[in-house]
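*Asks:* Take this sequence and fold it.
(3 chains)
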Amino acid sequence: MNKFWKVLLASLLILVFVAPVLFLFIRSVSFGWRFPDVLPDAFSLRGWQAVWSDPQLIRALWTTIGIGTAVVVLNYLLALPAAYALSHHEPRGKAVIETVIMLPIFVPVLAVAMGLHLFMIRIGAADSWIGVVLIHMLPTLPYAVRILKSGFDRLQTDWMWQGRTLGMGPVRTFFGLMLPMMLPSLRSCGILVFVISLSQYVLTAIIGGGRVTTLPILYFPFFSSADEAVTASFTMLFALLPIVFLVLLETALYTYHKWSRTV
Amino acid sequence: MKSWTGLAALLLLTVCSAGEEAADADDLAEQDWEEITAAADGAEIGIYMWGGDEGLNAYIDEVVAPALEESYDITLTRYPMEAPEFLSRLRTEREAGSMDGTADILWINGENFRIAKENELLYGSFADLLPNMDAYVNEDAPYVETDMGIPVEGMQVPWGNVQYAFQFRGDAEPPETMEELFSWAEENPGAFTYPNVSNDTGAGFVRHVMHHVADDPEILETFDEEWLEENGEDVWRILRELQPHLWREGRTYPETLEQQDQLFSSGEVDVTLGFNEYRAESLVDQGTFPEDTQTVGLESGSIASTHYLSMPFNTTEPEAALTAINYFLSPEAQTAKLDPERWGEGHILDLDALSEEENDAIESLSGEEIVPQETILPELDARYVDWIQENWEQEVVQQR
Amino acid sequence: MSSSVKSWLLALPVLLFMAVFAAQGLYRAWLESVQVDGAGLFSAYTELLTGRTFWASFGISVYVSFISAVLSVVIGLWLVRLLHRYFLRDDWKLAVWFPMLIPHFAAAYLTVLFFSPGGWFASVSASAGLDGFPILVNDPLYIGVILTYLWKEIPFVVLMLLPVYQELDWRMEEAARSLGAGAWTRFKTVELPWSGPVLLEVWLILFVFMLGAYEIPVLLGVTYPSMLPVLAFEWFYQAGWSQRPLAQAMMVVLTAISAFTAFLLLYIIQRSRRRWLRGGMRA
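*Replies:* Numbers count the residues shown, from 1 in each chain, chains lettered A, B, ... in the order given. Here you go, the predicted structure:
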């Protein structure tokens, strides 16, 4: 591909995939921008003021980031072994395992929410962040397993054998050799899981009972409200949060990467 | 294997913390109001309420919560959640026998009150305990006794009164009766619509059509199966005839009132509607609705709707909840609610019971009357709402 | 320990989690769907399957999910094949993955902002003097829904497919080219054995996800026929909870259909993966 095409393609990608979100930002600071105005003629910070003036916002931000992070960590713990097994072995009944793991993707949330609430009350996890973390595992685990599995698919098993023959134990092989090679997959898995956790409304509302106030709990009632500046500001906030998480994750992964080299 | 032990440990954390037994309505009836407010001191309570209106949230956060904190040392937190969701939650908690409830006050009315009452999700009869109910609310008012045909029995107290009104864009002469509205819609194809009836605003419009068919406000106050059999078809016929003239030729309807408001704001339709005749004011100020928005209460009649405050069966702080609800009914709180800068919706006070200054304060905030008293229509029995929701899609939407 | 037993043990935590949570919830849905007093155990199912509303919704749901999933996979594949060398750089990757950072309901809102008749594109076309901007949101063909799904899911397809293409042995491609194989033959023999299973799997995930997802169709769909989850939501809450058995029955049926489709496809993928690999080696 020559330079011209390359630039054209890159701008097209950015136009289609990134620019809409920037448009949202303009929307959030505009005032009375209506059809058929192509550009806004007045600006106002009202939308953002409405967002910041909510006394529960700061707490909700921390709750959301905290729960999201816990969900990501728990996903790594549960999904890594399963993904490894599905990638490097061909167990009997593999299709059964895979179907069961995919279950939460196609079960409508509303169908299971009430039953899960009952269960959470019985184990004493209703109305608490523990319950919300557990319930967020449901819509995230299938994706975590899939992404990590495709990460393992790329790993050549010879690498691990080399580690083993060099006298590394299985634990050290895993943490020192395999995980660093899985970093790209761990990264995309973490981001996707965080975003899914971030957008859960029904499950959080039913299990957390409003007492666990995550961002969607505050924001959902506003969503699709006629006041577009407020809606746009909140939506921007939702887009920014995963980026904050990405930075946190990168730092954690970078530290781990450095550490694994010293092993 | 580590992860598995972790999960198991979590699952085994089945410590059920059975809180102190909360007093029930009968116990409280034997106490003085002073004893109740004394017991409320220092309590933390929560209210379940829809949270999608800035002004309303500000009213709770900036007016009610600080006042409760100051006068009674009660901390009030808003839990933003819609009625269908918190009622579903309460039902599950009822089933599980969980008496350690999340919220202590509920904001409900009509259909939701019926569900809550039928499923025994409410605390009990408490209206008589409240001094402000006695002092400032006209207890003979029809909405104190029944809510959409359902006997209230003191299980909820009125919080606000609103009227159904239409917002028109532009200076065209807006219609003033249902009949005129139908022909207006015909003359302005695509300019009118109403939300899906799964939404209370949408069902509210159909209720107006029913009043139009009945032509006597009293007929529909109590549920009458026979009337439906004789006149139900007329209601659907009117809606079917209206359908081709609606937005998108009636092929689809806005799913929610908010969606219709967006269509109105962006100019796709020229009408929006809804309970609370003053709701357009703040939306115009925000630049969401156009400057030339005009609110119309139909002369042929406009349904008045009351919404209420209640308590769930499993409140852990009934004394504090009662104290707070009592404050919600005070002239001070009710007057502040009228302020269009914040919420701007109707009060439930008995004007005769108020002092002159209180009356003046209310008058200065109320603004001009949009729906004249004599055109107010009573709310329909809640079972009509079921009938609307069960049949509308089949009788109207699918019949094109 | 045999490899099978070991794999099952490794997958056990996840399986257990699913058994405890997903199955618990589903069991409850099933209970609610059959508890109809005096009307016969399966009356909700009979009512559901004989009603015209359900089948209309079923049709539109399958149509939207199928089209959206196929288009996402095809466009995603095209992008990856075109760009996989550039995607080694993070900035390119980030540009394509960006929509994954946006929750689904926010993406639906973006579609309204851009494509509705009162939206930005309509404004632009009106200022350019063009009349009659097409109706793309809340349209009976669900174009708005499909567009939103494409925007959200193409990045996911790229994410899943990219590793395959970056690990592909391009010497095979060179060899095939020198032997005079056409573009299609090269794709079929060199790439498909590796990307085929992943493509099918991604398609499956997207398809069943869209069948059960509520947020986008509720904002961008039409009143009738609505997609199944929207209908389920309405039945679940309206008319004094009297239609809950019907709503639960629908969700149980939906889950059964999806589970069956998923199992069938996953089984086929597993078998064909071996065959494809062998075929690929032979070429």
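*Asks:* in the chain, which helix has the most residues?
*Replies:* Unless you meant another one, I'm taking chain A. Criterion DSSP state H: the longest helix present in chain A is helix A:228-262.
*Asks:* was after chain C, sorry
*Replies:* Across chain C, the helix with the greatest residue count (assigned by DSSP H) is helix C:244-282.
*Asks:* Can it be said to contact chain A?
*Replies:* Yes. Figure legend: helix C:244-282 in contact with chain A (Cβ under 8 Å from any Cβ of the partner chain); contacting residues C:247-248, C:251-252, C:254-255, C:258-259, C:262-263, C:266-267, C:270. (C-beta placed from N, C-alpha, C; glycine too.)
*Asks:* what helices or strands is the longest helix of chain A leaning on?
*Replies:* The contact analysis (3 or more Cβ pairs under 8 Å, 6 or more residues apart in numbering or on different chains; DSSP states H and E) places helix A:228-262 against helix A:19-28, helix A:46-53, helix A:57-88, helix A:179-181, helix A:183-198, helix A:215-219, helix C:104-115.
*Asks:* How far does it sit from its chain's centre?
*Replies:* The chain centroid and the centroid of helix A:228-262 are separated by 10 Å under Cα atoms, centre = their mean, to the nearest Å.
*Asks:* now swap in stretch C:186-195 and tell me
*Replies:* For stretch C:186-195, the distance from its own C-alpha centre to the chain's C-alpha centre is 23 Å (Cα atoms, centre = their mean).
*Asks:* Now do the same contact list for the residue positioned nearest the centre of chain B.
*Replies:* Relative to the mean C-alpha position of chain B, the nearest C-alpha, by Cα atoms, centre = their mean, is the one of B:His307, at 4.3 Å. B:His307 makes contacts with B:Trp107, B:Ile108, B:Asn109, B:Pro158, B:Trp159, B:Gly160, B:Val162, as judged by Cβ atoms under 8 Å, 6 or more residues apart in numbering or on different chains.
*Asks:* Could you pick out which of the residues you listed are located in helices?
*Replies:* When helices are assigned by DSSP H, not one member of those lies inside them.
*Asks:* Where does pLDDT dip in chain C?
*Replies:* For chain C, residues meeting the criterion pLDDT under 70 lie at C:1-2, C:35-39, C:88, C:90, C:274-283.
*Asks:* interface residues of the stretch 201-350 of chain B facing chain C?
*Replies:* With Cβ under 8 Å from any Cβ as the criterion, the stretch 201-350 of chain B meets chain C at residues B:Arg248, B:Arg251, B:Thr252, B:Tyr253, B:Glu255, B:Gln259, B:Gln262, B:Leu263, B:Ser266, B:Gly267, B:Glu268.
*Asks:* For those, pick the one with the most neighbours.
*Replies:* Using other Cβ atoms under 10 Å in any protein chain shown as the neighbour criterion, B:Tyr253 leads these with 28 neighbours.
*Asks:* Do you know the pLDDT at that residue?
*Replies:* Residue-level confidence at B:Tyr253 comes out at 91, pLDDT.
*Asks:* Verify the stated contact: B:Ile362 with B:Ala353.
*Replies:* No. Between B:Ile362 and B:Ala353 no contact is recorded; they are 12.0 Å apart, counting by Cβ atoms under 8 Å.
*Asks:* What's the separation between A:Lys6 and chain C?
*Replies:* Between A:Lys6 and chain C the distance, using Cβ to the nearest Cβ, to the nearest Å, works out to 8 Å.
*Asks:* Share the number of residues neighbouring that residue, please.
*Replies:* If you count neighbours by other Cβ under 10 Å, A:Lys6 ends up with 13.
*Asks:* ok, so what distance separates it from chain B?
*Replies:* With distances defined as Cβ to the nearest Cβ, the gap from A:Lys6 to chain B amounts to 38 Å.
*Asks:* Contacts only, for that residue.
*Replies:* With contacts defined as Cβ under 8 Å, 6+ apart, A:Lys6 is in contact with C:Tyr86.
*Asks:* show me which of the residues of the stretch 201-350 of chain B next to chain C neighbour chain A.
*Replies:* If you filter these for contact with chain A, counting by Cβ under 8 Å from any Cβ, you are left with B:Gln259, B:Gln262, B:Ser266, B:Gly267, B:Glu268.
*Asks:* And for the closest residue to B:Ser310 other than its chain neighbours, the neighbour number?
*Replies:* For B:Ser310, the nearest residue in space outside its immediate sequence neighbours is B:Gln156; the separation is 3.8 Å by Cβ to Cβ, 6 or more residues apart in numbering or on different chains. Residues contacting B:Gln156 under the criterion other Cβ under 10 Å number 29.
*Asks:* And A:Ala42, by the same measure?
*Replies:* With other Cβ under 10 Å as criterion, A:Ala42 counts 10.
*Asks:* same check, this time on B:Ile108
*Replies:* The local packing of B:Ile108 (other Cβ under 10 Å) involves 25 other residues.
*Asks:* can you check the one 4 residues further on too?
*Replies:* The number of residues packed near B:Asn112 is 25, by other Cβ under 10 Å.
*Asks:* Do I have it right that C:Ala239 meets B:Asp386?
*Replies:* Yes. Using Cβ under 8 Å, C:Ala239 is in contact with B:Asp386, at 4.4 Å.
*Asks:* where in the chain is pLDDT low?
*Replies:* Answering for chain A, as no chain was given. Within chain A, the ranges that satisfy pLDDT under 70 run A:1, A:156-164, A:223-226, A:261-263.
*Asks:* To clarify, I was referring to chain B.
*Replies:* Counting by pLDDT under 70, chain B shows low-confidence ranges at B:1-23, B:171, B:367.
*Asks:* Now do the strands in it.
*Replies:* With DSSP state E as the definition, chain B shows strands at residue ranges B:44-49, B:75-80, B:105-108, B:146-147, B:150-151, B:156-169, B:271-275, B:293-296, B:302-310, B:376-377.
*Asks:* Near chain A, which residues of the stretch 251-400 of chain B are found?
*Replies:* When proximity is defined by Cβ under 8 Å from any Cβ, the stretch 251-400 of chain B lies next to chain A at B:256, B:258-259, B:261-262, B:264-268, B:283, B:286-290.
*Asks:* Check those residues against chain C and report the nearest one.
*Replies:* Proximity of these to chain C was ranked by Cβ to the nearest Cβ; the top entry is B:Ser266 with 2.9 Å.
*Asks:* what residues are up against that closest one?
*Replies:* Contacts for B:Ser266 (Cβ under 8 Å, 6+ apart) come out as A:Arg34, A:Phe35, C:Ser116, C:Gly118, C:Gly119.
*Asks:* Up against chain B, what does the stretch 101-250 of chain C have?
*Replies:* If contact is defined as Cβ under 8 Å from any Cβ, the residues of the stretch 101-250 of chain C in contact with chain B are C:112, C:116-119, C:135, C:138, C:140, C:218-219, C:221-224, C:234, C:237-243.
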